[in-house]
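Enquirer: Got a sequence here, can you build the structure:
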Amino acid sequence: MKSLKFALAGALAAGLAFGAGAASADIKPKKFTVVGTWGFLDHWKEREGPFWNDTLPKITKGAYTANAKSQTEVGLSGFEIMKLLKLGTYDAVHGVTGYVAQDSPAVEGVDLAGVIQDIDVYREALESYEPIIRREFQQKYNAKLLMLYAWPSQQLWCNLGDRSNMNVSLADLAGKKIRTYSTTLGDFIEGINASAVTIAFAEVVPALQKGVADCGITGTMPAYNAKWWQVVTHNVRVRLGYASSFLAMNNKTWNSLDKEGQDVIMGQMSPLTEAMWVATRANDARGMNCNAQGPCDIGEPGNMTAIEPNAEDKAKLKDVAENVVVKRWAERCGTQTCIDEWNATVGKLSGLKASL
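Expert: Numbering: from 1, shown residues only. The predicted model follows:
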């Protein structure tokens, strides 16, 4: 656990201490209006918020400041963020690609449910797919993509009765109502003969309490921080993705900045991205431990029952990913160019192939 603390501390230091004093005082002043991800989760509290509210003002000697708030604080669900960016309501936004992929099936292709089970492979796939996302943001939202990162692995969190029951498999989820937040997750849920229910993250706990949903999908640490362990019994540890996320800026705002200011911002993206990935990797295991029996250094263990996928589950996962998730996405994407781009990037790294 001590090494985990050091890893997270290193990630924070990498995200906040780089480049101090690198900018001159000649940058034209600008106050950015920014919305981040969820205020009670660590990406906002430890990296997104501090970058805008502390780091950027410091390295620009006060030329750049920000009115930066989490989407929780301003009452957004996350699904509307890129549309608000396009309208100019915000200068820059952090968001989850799955929440904004309705307008661009190509963007959705970066995080298809169940396709990649390993975080290292996923990062490589996300980086290989970045040019496609950059193009789509430019064309669909008039926005400049600044960085890509991820959350801990998206897993299943379910109310399955007796916590002592260890004989749980994907087959037991047939007929259940499962919270999703993207079309591709819905495809997976339907592929295991369950029902997909789209619910914003902040509304999941009451939905689980009231029986509107039997299960939910989210990342390991977000599930713990949002106290899902208080309302569900089992964690089915099938990796359904890593909730690829982004920082994007309205093109009008970006083009209004002088060259030196643009260079300062871009100079921070690589170390900030690295800080995100270090934290994501550490928090993936940390979240699973904290939701189960521990050890947990941030609070009481959730005492959920952890279910590792068996051979039958793994075979089912591959079958649904290949024959339902990827197939349906290819139909939504609809063009050979889109298919070819995916096959050359995410498909190549995952060992799956899309076709019309």
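Enquirer: List the residues that contact the closest residue in space to residue 206 that isn't next to it in sequence.
Expert: Closest residue to residue 206 apart from its sequence neighbours, by CB to CB, 6 or more residues apart in numbering: residue 212 at 7.9 Å. Backbone N, C-alpha and C define where each C-beta goes, glycine included. The neighbourhood of residue 212, defined by CB atoms under 8 Å, 6 or more residues apart in numbering, consists of 177, 197, 199, 206.
Enquirer: what about the closest residue to residue 31 other than its chain neighbours, distance to residue 56?
Expert: In space, residue 31 comes closest to residue 65 once its chain neighbours are excluded; the distance is 4.9 Å by CB to CB, 6+ apart. The gap separating residue 65 from residue 56 is 8 Å, by CB to CB, to the nearest Å.
Enquirer: Going by how many neighbours each has, rank the two and give me the top one.
Expert: Per other CB atoms under 10 Å, whichever of residue 65 and residue 56 has more neighbours is residue 56, with 24 against 15.
Enquirer: what's the single longest helix in the chain?
Expert: The single longest helix within the chain, with elements called by DSSP state H, is helix 259-291.
Enquirer: Where does residue 294 sit: helix, strand or coil?
Expert: Per DSSP: H, G, I helix; E, B strand; the rest coil, the secondary structure class of residue 294 is coil.
Enquirer: Wait, it touches residue 288, no?
Expert: No. Checked against CB atoms under 8 Å, the pair residue 294 and residue 288 is beyond contact range at 10.4 Å.
Enquirer: which one of the two has more residues nearby?
Expert: Remark: of residue 294 and residue 288, residue 288 carries more neighbours, 20 against 14, as counted by other CB under 10 Å.
Enquirer: OK, contacts around the more buried one?
Expert: 220, 235, 237, 306.
Enquirer: do residue 188 as well
Expert: Going by CB under 8 Å, 6+ apart, residue 188 touches 113-114, 240, 320-321, 324-325.
Enquirer: so what pLDDT did it get?
Expert: Confidence at residue 188, expressed as pLDDT, is 97.
Enquirer: The spatially closest residue to it that is not a sequence neighbour: which element?
Expert: Leaving aside its chain neighbours, residue 188 sits nearest to residue 113 (3.8 Å; criterion: CB to CB, 6+ apart). Of the helices and strands defined by DSSP states H and E, none includes residue 113.
Enquirer: For the residue nearest in space to the middle of the chain, what are phi and psi?
Expert: Central residue of the chain (CA atoms, centre = their mean): residue 243, 2.8 Å from the mean position. Phi and psi for residue 243, reported as degrees, to the nearest 10, are phi 50, psi 60.
Enquirer: I'd say it and residue 154 touch.
Expert: Yes. At 5.6 Å, residue 243 counts as touching residue 154 under the criterion of CB under 8 Å.
Enquirer: what's the overlap in contacts for the two?
Expert: Residues touching both residue 243 and residue 154 (CB under 8 Å, 6+ apart): 218-219.
Enquirer: Can you list the low-confidence ranges for the stretch 1-150 of the chain?
Expert: Where the stretch 1-150 of the chain drops to pLDDT under 70, the residues are 1-25.
Enquirer: which one is residue 29 nearest to, not counting chain neighbours?
Expert: residue 63 (5.0 Å).
Enquirer: Give me the phi and psi angles of that neighbour.
Expert: With angles defined as degrees, to the nearest 10, residue 63 sits at phi -70, psi -40.
Enquirer: and what of residue 79?
Expert: Torsion angles, degrees, to the nearest 10, at residue 79: phi -70, psi -20.
Enquirer: Kindly provide the distance from the closest residue to it other than its chain neighbours to residue 350.
Expert: Nearest non-adjacent residue to residue 79, counting by CB to CB, 6+ apart: residue 99, 5.0 Å away. According to CB to CB, residue 99 stands 22 Å off from residue 350.
Enquirer: just to revisit the earlier point, okay, among the contacts of residue 188, which ones form the most distant pair?
Expert: Greatest spatial distance in the contacts of residue 188: 240 and 324, 12.7 Å, computed using CB to CB.
Enquirer: more crowded one of the two?
Expert: For the pair residue 240 and residue 324, the greater number of neighbours falls to residue 240 (28 against 19), based on other CB under 10 Å.
Enquirer: thinking the more buried one is in contact with residue 217, fair?
Expert: Yes. Using CB under 8 Å, residue 240 is in contact with residue 217, at 6.0 Å.
Enquirer: what is in contact with those two at once?
Expert: Taking CB under 8 Å, 6+ apart as the criterion, residue 240 and residue 217 both touch 154-156, 185.
Enquirer: State the pair within those that is farthest apart.
Expert: Of all pairs drawn from those, the widest gap by CB to CB lies between 155 and 185 and measures 11.5 Å.
Enquirer: who touches both of those two?
Expert: By the contact definition CB under 8 Å, 6+ apart, residue 155 and residue 185 are jointly contacted by 217, 240.
Enquirer: Same question for stretch 324-342: list its buried residues.
Expert: Residues 324-326, 328-330, 332-333, 338-339, 341-342 are the ones in stretch 324-342 that count as buried (16 or more other CB atoms under 10 Å).
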